[in-house]
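Trainee: Need the 3D shape of this:
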Amino acid sequence: KSMEHKLSRSAGVDKAAVTDLKLKLERLEAQREKERAEYESNIGKYSSRLNEFQKTNEELENQLQTQRVEFSMFQSQAKSKLQELSQHKKILKKEVIDLRKKIDEIGSERDAALHITDSHKLQADSEKEKNAMLEKYIEKMENQVIVQ
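Mentor: Down below sits the predicted model:
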């Protein structure tokens, strides 16, 4: 009986140990299940945030590409405008040079015309003086003729 008793007691201890191990296993499984649920929840959150970041990144990439295209167009327009202005500047420079030549020519012509005008004025004044002298001479002659 003692062997049976020992076996029975040993079986009871083993049963208690098995029950204890089963409880520990259930607790560990419950804890593992809870942690798995947390991880899955975190994975869902992080996946959602990752999608948001990817969308935002894609939108920013599109905006950047649009701005690059706009900048390129603006740069091209500015270069074209600069070339156009450069051509206008050359044309205006030539026109200024031509106008300065014309101003010089007109100034020379004016000076020549003034010289001729002055010369004619002097001649006219001289002729007036001669006429006045001749009129006085004629008057004297007429007076002498009348006196005689």
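Trainee: where along the protein do the helices fall?
Mentor: In the chain, the helices defined using DSSP state H lie at 2-147.
Trainee: where does it dip in pLDDT?
Mentor: Residue ranges of the chain with pLDDT under 70: 1, 7.
Trainee: okay, now Lys94: neighbour count?
Mentor: Counted with other Cβ atoms under 10 Å, the neighbours of Lys94 add up to 10. (Each C-beta comes from the backbone N, C-alpha and C, glycine too.)
Trainee: Then Gln63?
Mentor: Gln63 - counted by other Cβ under 10 Å - has 10 other residues nearby.
Trainee: Kindly report the same for the one 4 residues further on.
Mentor: Residues lying near Gln67 (other Cβ under 10 Å) number 11.
Trainee: Pull the contacting residues for it.
Mentor: If you count contacts by Cβ atoms under 8 Å, 6 or more residues apart in numbering, Gln67 has none.
Trainee: at 10 Å what do you get?
Mentor: For Gln67, the contact set (Cβ atoms under 10 Å, 6 or more residues apart in numbering) comprises Phe74.
Trainee: how close does it sit to Glu58?
Mentor: Applying Cβ to Cβ, to the nearest Å, the value for Gln67 to Glu58 is 15 Å.
Trainee: and if you look at Gly107?
Mentor: For Gly107, the distance to Glu58 - Cβ to Cβ - is 72 Å.
Trainee: and if you look at Gln144?
Mentor: Taken as Cβ to Cβ, the span from Gln144 to Glu58 is 125 Å.
Trainee: Gln77 now?
Mentor: Note on Gln77: its distance to Glu58, by Cβ to Cβ, is 29 Å.
Trainee: Also Val145?
Mentor: Taking Cβ to Cβ, one finds Val145 at 125 Å from Glu58.
Trainee: And Lys130, by the same measure?
Mentor: Taken as Cβ to Cβ, the spacing of Lys130 relative to Glu58 amounts to 105 Å.
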